[in-house]
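K.L.:
Pasting the sequence and the predicted coordinates here, then a few questions.
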Amino acid sequence: MRAVRASSALCVCFLIAAAAWAGTWITPEFSLSLDDLRGMTASLPADIREGVLARPSAFLGLAGKVLDQPADLFVLVDKQHPLAADYVPADLVPLKTYHLRTTWPGLLLRKAIMPAVLEMTAAARRDGITLTFSSTYRSYEYQQGLFEREVKMYGRETAERESAHPGYSQHQLGTAIDFGTISDGYEKTREGQWVSAHAWEYGFTLSYPVGYEQVTGYRYESWHYRYITRPGAAMQREFFGDIQQYFLEFLNDNRATLEQMRLRQGSGP
């Protein structure tokens, strides 16, 4: 039986290699042709699409690493894709347990991302920077109250640019962090500059970059970062113009296809 399985595995590997060598597939890891990738990237901005198609093997190599990460770390939450009102991450933990600097008591994040949080915090400290955590997980109800207050204080038009409706906030995921002062001046602080330069190395990327309000739905927020894993952050920087929205939209639209067309070489029945 083992001999039969080994023989079958060798046959699969041979067929995969043969198809790739024949030019049908881009890489042996995915049964995808360049035409398939053209279709998958059709909705991306032209410059980003051209970059992907210029280096399809490298693109799919990073895609494979992203698919190895937990899918719930890439859930698309924006003005068109809400979370359920009763959605609460199962692994929330208090930041006070980790002796991090916070501006409010009771801040929570998902336990799954805490190793990256602590590694980033330690790296910043080695550079003389103490990261300040100002807002993290928010429940549906908390976000509802926050949005209503923004409307009363600034009017609906301004509130729509700066605050999410309940269910539409990345903070409900438990993987988004507002750092420092939560103000426009944050980008000019030493902490803000350090986070901008290094957060991606630990899997955190800026959600709402300057000049992309028409894409993200929100004005520039230099303080708002979301954890999308190290492979996700690398893929965003290398192939999506370092725009989180483009990366998450692509993954949301194509993850099922990528998983279906991914080939596990040498795997048994």
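P.N.:
Good, I have the coordinates.
K.L.:
which residues of the stretch 101-250 of the chain fall in strands?
P.N.:
101-102, 108-110, 132-135, 176-179, 204-206, 224-227 (DSSP state E, counting those that start in this stretch).
K.L.:
Only C-alpha atoms, please: export the third one in CSV.
P.N.:
Backbone C-alpha positions of strand 132-135 (Å, rounded to 0.1, in the frame of the first residue of the first chain) are rendered in CSV as follows:
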residue,chain,number,x,y,z
THR,A,132,1.1,53.7,23.2
PHE,A,133,-2.1,51.7,22.6
SER,A,134,-5.1,54.0,22.6
SER,A,135,-7.9,52.0,21.0
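K.L.:
could I get the strands of the stretch 101-250 of the chain as a markdown table with mean neighbour count, mean pLDDT and distance to residue 151?
P.N.:
Just so you know, the C-beta spots here come from the backbone N, C-alpha and C atoms, and that holds for glycine as well. Shown next, in a markdown table, are the strands of the stretch 101-250 of the chain (neighbours: other CB atoms under 10 Å; pLDDT from 0 to 100; distance: least, CB to CB, whole Å):
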| stretch | mean neighbour count | mean pLDDT | distance to residue 151 |
| --- | --- | --- | --- |
| strand 101-102 | 14 | 97 | 27 |
| strand 108-110 | 21 | 98 | 25 |
| strand 132-135 | 19 | 98 | 18 |
| strand 176-179 | 23 | 98 | 19 |
| strand 204-206 | 25 | 98 | 25 |
| strand 224-227 | 24 | 98 | 20 |
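K.L.:
May I have the residues that are in contact with the residue lying closest to residue 176 once chain neighbours are set aside?
P.N.:
Setting aside the residues directly before and after it, residue 176 is nearest to residue 170 in space (CB to CB, 6 or more residues apart in numbering), at 4.0 Å. Residue 170 makes contact with 77, 164, 176, 207, 224, 226, according to CB atoms under 8 Å, 6 or more residues apart in numbering.
K.L.:
repeat that with 6 Å
P.N.:
Going by CB atoms under 6 Å, 6 or more residues apart in numbering, residue 170 touches 77, 176, 226.
K.L.:
what's the answer for residue 117, then?
P.N.:
Here residue 117 is in contact with no residue (CB under 6 Å, 6+ apart).
K.L.:
How about residue 168?
P.N.:
By CB under 6 Å, 6+ apart, residue 168 lies in contact with 79, 82.
K.L.:
before we move on, what about the one 10 residues further on?
P.N.:
The neighbours of residue 178, taking CB under 6 Å, 6+ apart as the test, are 134-135, 223-224.
K.L.:
and of those, the nearest to residue 39?
P.N.:
When those are compared for distance to residue 39 (CB to CB), residue 224 wins out at 32.5 Å.
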